[in-house]
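**Q** Just to be clear, the model below is a prediction. Sequence and coordinates:
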Amino acid sequence: MIAVVQAHPYPDRSRANRILAAAIADLPAIVVRSLYDLYPDYAIDVEAEQRVLAAADVIVWQHPLFWYTPPALQKLWFEKVLTPGFAYGPGGEALQGKGCLWVVTTGGDDADYDPMGIHGHVFDTFAAVVRQTALFCSMAWLDPFVVHAATRIDDETLYAWGARYRARLIELGGAAAEEAANG
């Protein structure tokens, strides 16, 4: 099973995240946790979230990049759900070895994420915090799925990104099912 944790504070205004979410909505063996729909009051049900993560083979964190980090509710979710004894530390083996795919949209294009670009750094600089979160929880960091210039690209291009996202999850789901079958 793949757990997709989506966190967009304005899903109705996000063309890119709406298209990405729709591209995977009907896939079997996927559980979607839309954080801003589930927890508009930011009162995260930690036990429910941990149950979903424990049952998953692959965990996807899907969100836009806001001020160089995940949105506020995704960050709070990290703080509340990825606890000692569950995600790390003594007895914290619930996520060990599970694949972690970061699916992120940005407003900037490739040129913006250059030392000479508007953000002054390569994109990987901003991925470090999310990657380290996964690694600290002993997860297997997978190559991120990054959609740059999400607010500026046309629908046809976004639908193509959606198809690639769908294919990636199908591939990951197949790999996880094969690994489970082989013990």
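**A** Yep, that arrived.

**Q** Kindly state the beta-bridge partners for the residue nearest the centre of the chain.
**A** Of all residues in the chain, the one closest to the mean position by Cα atoms, centre = their mean is residue 61, 1.4 Å from it. In this entry, residue 61 is beta-bridged to residue 5, residue 102, by DSSP bridges.

**Q** Residue numbering should commence at 860 henceforth.
**A** I'll keep to 860 as the first residue from here, and by that count the last item is residue 920.

**Q** Please spell out which residues along the lengthiest helix in the chain are buried.
**A** When the chain is parsed with DSSP state H, its longest helix is helix 1014-1040. For helix 1014-1040, the buried set under the neighbour-count rule, 16 or more other Cβ atoms under 10 Å, comprises 1017, 1020-1021, 1024-1025, 1027-1029, 1031-1032, 1035. In this view, the C-beta of every residue, glycine as well, is placed from N, C-alpha and C.

**Q** swap in stretch 914-923?
**A** 915-923.

**Q** circling back to that earlier point, rounded mean pLDDT for the longest helix of the chain, please.
**A** When pLDDT is averaged along helix 1014-1040, the result is 83.

**Q** And that helix, what does it pack against?
**A** Judged by 3 or more Cβ pairs under 8 Å, 6 or more residues apart in numbering; DSSP states H and E, helix 1014-1040 is in contact with strand 861-865, helix 874-883, strand 917-923, strand 958-964, strand 1004-1006.

**Q** what angle sits between it and strand 861-865?
**A** Interaxial angle of helix 1014-1040 relative to strand 861-865 (axes from the mean of the first three to the mean of the last three Cα atoms, to 10 degrees): 140 degrees.
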